[in-house]
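> sequence plus predicted model, see below.
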Amino acid sequence: MNREHRRAAILSIGDELTLGQTLNTNSRWLAERLSGAGVLPVEHVTVPDDLAAQTRAILRLAAACDLVVCSGGLGPTADDLTRQALAEAMGDQLVEDPLALEQVRAWYESRGREMPEINRVQALRPSKGQSLQNLHGTAPGLFGVVRSGGQECDVLCLPGPPGEMFPMFDAQLLPRLRPPAGLVIRTRTLHCFGIGESDLAMRLGALMDRTRNPLVGTTASGGVVSCRLRYEGVGPGDAAEAALDETERLTRAAAGAYVFGSGQATLAGTVLDLLRAKGQTLGCVESCTGGLLGAYLTEVPGSSAAFVGGLITYSNYIKNSLAGVPSALTSPGGPGAVSGETARAMAKGGLDALGCDHCLAVTGIAGPEGGSEAKPVGTVWIARVSRDGSGDVRRFQMSGSRQNVREWSAKTALAMLRFHLAGLAGFKMLREVAKFQDAGA
């Protein structure tokens, strides 16, 4: 690989990806690694286990890019067609690579097993290409030069399993990269919750000018709106970092309290960090979210240092018996299970039952049935009650599917506690429609 690699495409291969059976995390990892090395990813493509589709994709991408990185389809079964697709794109034939075959045999022998004959196919490569050693599995990688659209393009094929792909990228692809001399690409991400993407864009204003460097863009997913910062230029890395520092400062100032973290941060992780810093604990009482709030918290390693546990009080009887919600609130004639009064009582009861410093409670109508004119589907009351005597009870009107309502509700509860812990109480959040006035603990 002697040519300059300015633009790269990432090609992911597999029926399980196109059908949505497997989440494609490889593309994101590859894009971060390539951009960090000074090579700009300009396109992500996913194709099924289909020889013609794979060959077409390689040829099209090779005509537009200097580098194509493929992942997947290097296994030993009939649906693993990447080797043949690369050969066809090169106008070449597959041949058996004796060294690659020995490496596959050695992998099995090191585990006290004889190589199955079916794995012999993994030693095939285009006659004008190269095999790439795999020290972590049975699938050698491949390298070839594809001529398409009047230009030549380097194509590297890596195995799909991350445990094989990651080390092969570092050992075999990274040393071969030839980014433009002096080109520096740096990225950062800031995450916001409680504000819509359009409202955030209005706050950012000129920062989102597409001619700006660093460039700022936004992406919404699961209620979180992320600000993507990207610097691309020729010069020292220090200058890139300085430019990103200033753009991050301006972005945070524009987004305000809605920014909860950066990089790989999650809302649950941010809340747990704040709790640990204060030496405080959290419990939760959940109705319509059915344990989802607790699940978000326990996904974070080390969460037990601040999260004590929760109660799932789905029925009124359990609300009354476990969380101490007065039956008058949930009985006919009372405000009902989905009300500010009940949400507050759930949180107060959880605070006592769980012995924590803060308790979050969620009760609502996730749908698709159960709504009424007064309380339509998506009506959710969320309460926070704290040991210091403070409280916060808010009503939200969530939209979307049942799962969307549940996810939004759990994340909104975390955001309410974050505002309190960070001293940012008073911020109104997206989809908030009312507050329960008697919100004291």
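Perfect, thanks for sending it.
> so V155 is in which element?
strand 151-158 (DSSP states H and E).
> ranges for the helices of the chain?
Remark: helices assigned in the chain by DSSP state H are 15-18, 26-36, 51-64, 82-90, 98-109, 162-168, 197-204, 237-255, 267-278, 292-298, 316-322, 327-330, 340-354, 402-421.
> pLDDT of the fourth one, averaged?
In this model, helix 82-90 carries a mean pLDDT of 98.
> on contacts alone, who are the packing partners of that helix?
helix 51-64, strand 94-96, strand 124-126, strand 141-148, strand 151-158 (3 or more Cβ pairs under 8 Å, 6 or more residues apart in numbering; DSSP states H and E). All C-beta atoms are positioned from the backbone trio N, CA, C, and that covers glycine.
> tell me which other helices or strands the second one touches.
Of the remaining helices and strands, those touching strand 94-96 by 3+ Cβ pairs under 8 Å, 6+ apart are helix 82-90, strand 124-126.
> of all those, which one is nearest A383?
With Cβ to Cβ as the measure, helix 82-90 is the member of these nearest A383 (53.4 Å).
> ok, and what's touching the closest one?
13, 51, 54-55, 58-59, 62, 70, 72-74, 93-94, 121, 124-126, 128-129, 142, 144-148, 155, 157 (Cβ atoms under 8 Å, 6 or more residues apart in numbering).
> the same query, at a cut-off of 6 Å, please.
Residues from elsewhere that reach helix 82-90, judged by Cβ atoms under 6 Å, 6 or more residues apart in numbering: 13, 51, 54-55, 58-59, 73-74, 94, 124, 126, 142, 144, 146, 157.
> which of those sits closest to T363?
I13 (45.6 Å).
> which residues sit in contact with that closest one?
Shown in contact with I13 (Cβ under 6 Å, 6+ apart): 47, 72-73, 82.
> again, but for L81
By Cβ under 6 Å, 6+ apart, the neighbours of L81 are 51, 73.
> let's see 7 Å
Listed by Cβ atoms under 7 Å, 6 or more residues apart in numbering, the contact partners of L81 are 49, 51, 54, 73.
> among the contacts of I13, name the ones in strands.
V47 (DSSP state E).
> want to throw the contacts of I13 into a markdown table with distance to T298?
Putting the contacts of I13 into a markdown table (distance: Cβ to Cβ, whole Å) gives the following:
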| residue | distance to T298 |
| --- | --- |
| V47 | 37 |
| G72 | 31 |
| G73 | 36 |
| T82 | 38 |
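> out of the contacts of I13, which comes closest to L274?
Checking the contacts of I13 one by one against L274 (Cβ to Cβ), the nearest turns out to be G72, at 40.0 Å.
> was I right about D154 contacting L67?
Yes. Using Cβ atoms under 7 Å, D154 is in contact with L67, at 5.2 Å.
> between the two, point out the one with more neighbours.
Counted by other Cβ atoms under 10 Å, D154 and L67 do not tie: L67 has more neighbours, with 28 against 23.
> go ahead and confirm that one touches P41.
No. Contact criterion Cβ under 7 Å: L67 and P41 do not qualify, at 9.3 Å.
> of the contacts of I13, buried ones?
47, 72-73, 82 (16 or more other Cβ atoms under 10 Å).
> between the residues you listed, which is closest to G389?
G72 (56.2 Å).
> hmm, back to that, most widely separated two among the contacts of helix 82-90?
L59 and L124 (20.1 Å).
> excluding chain neighbours, what is closest to T46?
Among residues not flanking T46 along the chain, S12 sits closest, at 4.5 Å (Cβ to Cβ, 6 or more residues apart in numbering).
> wait, that neighbour sits on R28?
No. The pair S12 and R28 does not pass the contact test of Cβ under 7 Å, sitting 10.4 Å apart.
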